[in-house]
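Novice: Fold the following and give me the result.
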Amino acid sequence: MNDPNNPCIFCKINHKELIFENDYAYASSDSYPVSKLHSLVVPKRCIENYFELDEKEILACNDLIKKLKEKIMKEDKSVEGFNIGTNAGKVSGQSIFHCHIHVIPRRKGDVDNPQGGVRSVIPSKQHYTRKIKK
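Specialist: Reported below is the predicted structural model:
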């Protein structure tokens, strides 16, 4: 198996495959999509995770996330929601140690019960009963 970190697969930008790009980041399709049109936003600077982004990079990534959302919503009318997330550290599931943010389109019925959303990274925590405040 090839090591995606040596050399870093996100540092070799193929401009023909980009969806969007700005000075600090780019957006492309995910090679192993969770859903149709699952995309990635990747800062151009090779840093390990989201917490190392500087303010300009955060704003640039956020700009591309919003552009992806608009493009996906226009392209696929069945999309009704999104999960946006990043893994920071090996124990969180990060396997490519160049920061990248997942933009995952969601459609009604794509899972039986979407309650908990990103909480499902720990399956036993996904479904919960909301506590009533007294």
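Novice: Within the helices and strands, which one has K71?
Specialist: Applying DSSP states H and E as the criterion places K71 in helix 55-75.
Novice: Go through that helix and flag the buried ones.
Specialist: Across helix 55-75, burial judged by 16 or more other C-beta atoms under 10 Å covers 57, 60-61, 63-65, 67-69, 72. In this view, the C-beta of every residue, glycine as well, is placed from N, C-alpha and C.
Novice: That one packs against which elements?
Specialist: Contact here means 3 or more C-beta pairs under 8 Å, 6 or more residues apart in numbering; DSSP states H and E; on that basis helix 55-75 packs against strand 18-21, strand 25-29, strand 39-43, strand 79-85, strand 101-107.
Novice: that older thread, turn the buried residues of helix 55-75 into CSV, including distance to P33.
Specialist: Shown next, in CSV, are these (distance: C-beta to C-beta, whole Å):
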residue, distance to P33
E57, 24
A60, 23
C61, 19
D63, 22
L64, 17
I65, 16
K67, 18
L68, 13
K69, 16
I72, 12
